[in-house]
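for reference, the sequence and a predicted model appear below.
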Amino acid sequence: MARPFIARYWRGLLAAVGALVLIAAAGHWAEQRELQAKTQALQQAAAAQALGLRGLVEKHDFLPHAVARHPGVQDLLRAPQDAALRARANDYFADLQATTGAAALYLVDRDGLTLAASNWNTPSSFVGQNYRQRAYFEDAVRGRRGLFYGLGLTTGQSGLFIAEPVRVDGAILGVAVVKISLEALQATWMGGLEPVVLRDSRGIVFLSGVPEWLYQAIRPVSAQDARWIAEHGQYGKRTRFDVLPWKIEARPDGAGFVLRTGVQGQRRTLLALDTPLPELGWTLTVTSDMKEVAQARRSALALTALAVALLLLGTLYWRLRERRFVEQRTARLELERRVDERTRDLEEAHAFRKAMEDSLLVGMRARDPDGKIIYVNPALCAMVGYSAEELLGCRPPYPYWHPDDLEKQARESDDALQGRAAPHGFESRIRHKDGHDVITMVYAAPLVDAQGVHRGWMSSVVDITAQKQAEARQRDQELRLQRSARLASVGEMASTLAHELNQPLMALSNFAVAARALAAQGPSELLPGALDEIVGQSQRASEIVKRVRAFINPQRGQYEILAMVDVLTHAQALLEPELKAQGATLRLLLEGAGARVRGDRVLLEQVLVNLVHNALQAMQDQPRQRRTIELACRRSEGGLRIGVADQGPGIPAGQLDQVFSPFFTTKPDGLGLGLNICRSIVEAHGGAIGVENRPGGGAAFSFTLPIVP
């Protein structure tokens, strides 16, 4: 039994190996045949391209020689300043250029300066340009014929430059140059299907049918070559030449090479052939796509494989009948095995689904179109307190419906069964079996079977009782916070009034004492003035109360267009008694005080009084000669800037960011509200206030106000 099987195995193996060898040999033969044909076509194309290049160069090669021997050219080199000779030479070059089709003809003296050119009357004229750095000029002045390809220094256009020394009386006085454009040839290459490349002796591509290959090299360019190229301006300002993205594979027969690269974003495999042009120092590379080679190989492989397959099919057909009964028996056994595996998979899937349903915290309930409960999960049973046996088969009203909401729940149930339930769910209160209430959120969705038939409705029930309780607690806390905020506002308002009224009340007290003393002395001319001050300070206290109320409610504010100089001078008058009592000097610097602002006069005066009063308190320990306060007003980019600077000890660096905070103070008897009120008043006027320590000592408070045009 084993021997026939082994014999059949070896016969089959040998047949398969023979078929593979036959197919591979056919593919290789077709590939080599196509490669040979392509190589011959490439050789012909390379010969034609080389012939065209040589013909283009030879067509214009005589021009520099002829120009160098023209009498007018030689006369111009003898007398380069002669305008008439220059004009005749320009006309001669222009006529010769138009006749021969050269890109340009021009004459350069021995110093490299262009004396005449065919394009003398164009914006890009060569006349007056110096080309002594060019390699063709260096060769020509040494008596050799110059040949150089590069970008034009004046026009930036590429071309082949042929130069010939101009000898006059045996001495080289200049160089005749013709420029040949190869752009038409490159345009022809770009329009072709197969890439053509021309590179110089350093391997740099300077002419190509593929624009992205231009000015890249087939090998790294040495630093010395890169320096030479840059010094002679061969390729413009380029100093770096990347290596071409070519992967070159040499062919065993040496006829060309296989080039793998990208062309216009597509990967291509090309058969390439190099043709040296030693007289020009160039190398011409022509290519042809390898698609035909691969296609020929694939076609041969396919045809041979088809023939072998037909042969094998005829051989195998008779074996199929023999194996059919064996396969049927095997298939039956496999089917039975798969049925067993499928049964086990279904049982595992059912167990997995049951475990997943039991682990859900969301209640699930399925009902048929008539509202009968056909499925509940353990989470819903735990939520309502009823078992699955008690719920399955129930119709509305369900046992867990709340007795106070029966009508509402019946309406919601009908909406859900009719497909009118809110897509974002609805809130429902239910009664647990033990009697406590449960707040739920219910979401309904259609129940569709595997055949797409609507079988009822599936509802998700989420217990939100804890969430509702938390929301109630949060609302209670918010009410408490609002009451606390109102109490804090009342306290801050009372503190503000106490702080702001302190100064006018002290002034009232001082003037009242003075009036009583004057009255005791008998009639006096000073008594009416003291009484007037008492009345003025009373009115000021009333205005402060009114302005603080307006500050708390901005709609009550009395804003008007003010000249800042009036506010500053009035504040100085209010402060004059206290300044004299302290032995201090208030120096006004009113560079921009004539500017006008929109604001409340009393509130702005109160800001200035507070700032000057703080400055006086800061200088209490200073000698009287140092008690000088600067009140400056000047224009700035931000508007009108008002500053109050003292000569006190300044503010500790760690407290600069806190001086405007409510209830922050460095004074034993201070409330800590003065600077906070100043900041609020300035900001209510659309400005900003700040503080900094002066380099020479003392603090400088300043605030800005918008200027009214």
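Ah, there it is.

geometric centre of the chain: which residue is closest?
residue 265 (25.8 Å; Cα atoms, centre = their mean).

where's it relative to residue 48, distance?
Remark: distance between residue 265 and residue 48 (Cβ to Cβ, to the nearest Å) = 29 Å. Quick note: C-beta positions are derived from backbone N, CA and C, even for glycine.

residue 129 too?
37 Å.

how close does the residue lying closest to residue 678 once chain neighbours are set aside get to residue 282?
Excluding its sequence neighbours, the residue lying closest to residue 678 (Cβ to Cβ, 6 or more residues apart in numbering) is residue 607, at 4.8 Å. Relative to residue 282, residue 607 is positioned 86 Å away (Cβ to Cβ).

neighbour count winner among the two?
Neighbour totals were compared for residue 607 and residue 282, and residue 607 leads with 28 against 19 (other Cβ atoms under 10 Å).

same question for stretch 417-429, mean pLDDT?
The pLDDT scores in stretch 417-429 average 80.

determine how far the last residue of that stretch lies from the first.
The first and last residues of stretch 417-429 sit 19 Å apart, counting by Cα to Cα, to the nearest Å.

ditto for stretch 411-431
One end of stretch 411-431 sits 17 Å from the other (Cα to Cα).

show me what counts as buried in it.
412-413, 416-417, 421, 425, 428-431 (16 or more other Cβ atoms under 10 Å).

stretch 108-128 now?
In stretch 108-128, counting by 16+ other Cβ under 10 Å, buried: 108-110, 112-120, 125-127.

state the mean pLDDT of it.
Averaged across stretch 108-128, pLDDT comes to 91.

over to stretch 654-672?
Per-region confidence: stretch 654-672 scores 74 on mean pLDDT.

next: stretch 611-627.
Here the average pLDDT along stretch 611-627 is 85.

pull the contacting residues for residue 393.
372-373 (Cβ atoms under 8 Å, 6 or more residues apart in numbering).

swap in 10 Å and give it another go.
Applying Cβ atoms under 10 Å, 6 or more residues apart in numbering, we find residue 393 in contact with 372-374.

out of those residues, which comes closest to residue 34?
Proximity of the contacts of residue 393 to residue 34 (Cβ to Cβ) peaks at residue 374, which lies at 73.2 Å.

helix or strand for that closest one, just tell me which one.
For residue 374, the host element (DSSP states H and E) is strand 373-376.

neighbouring strands for that strand, and are they parallel or not?
strand 363-367 (antiparallel) (DSSP bridges).

now residue 662: phi and psi?
For residue 662, the backbone dihedrals (degrees, to the nearest 10) come out as phi -60, psi 140.

quick one: it and residue 677, what's the gap?
9 Å.

about what we covered before: buried ones in the helix or strand hosting the residue nearest to residue 678?
In the assignment (DSSP H and E), residue 607 maps to helix 601-618. Of the residues in helix 601-618, 601-616, 618 count as buried by neighbour count, 16+ other Cβ under 10 Å.

how about residue 42: what's its closest non-neighbour residue?
Here the residue nearest residue 42, using Cβ to Cβ, 6+ apart, is residue 273, at 4.4 Å.

what bridges to the one you found?
Using DSSP bridges, the bridge partners assigned to residue 273 are residue 286.

shaky segments in the stretch 251-400 of the chain?
350, 357-359 (pLDDT under 70).

hey, where'd the strands end up in it?
257-263, 266-277, 282-289, 363-367, 373-376 (DSSP state E, counting those that start in this stretch).

can you list the residues that contact the fourth one?
With Cβ under 10 Å, 6+ apart as the test, strand 363-367 has contacts from 357, 372-384, 391-392, 394-396, 398, 413, 416-417, 440, 442, 444, 447, 455-463.

now do stretch 333-349
With contact meaning Cβ under 10 Å, 6+ apart, stretch 333-349 is reached by residue 327.

cool, stretch 407-421 as well?
Applying Cβ under 10 Å, 6+ apart, the external contacts of stretch 407-421 come out as 367-371, 395-398, 400-402, 405, 422, 426-430, 442-446, 454, 456-457, 459.

of those, just the buried ones, PyMOL syntax please.
Selection of buried members from the contacts of stretch 407-421 for PyMOL, criterion 16+ other Cβ under 10 Å:
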select buried, resi 367+371+396+398+400+401+405+428+429+430+442+443+444+456+457+459
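
alright, that wraps it up for me.
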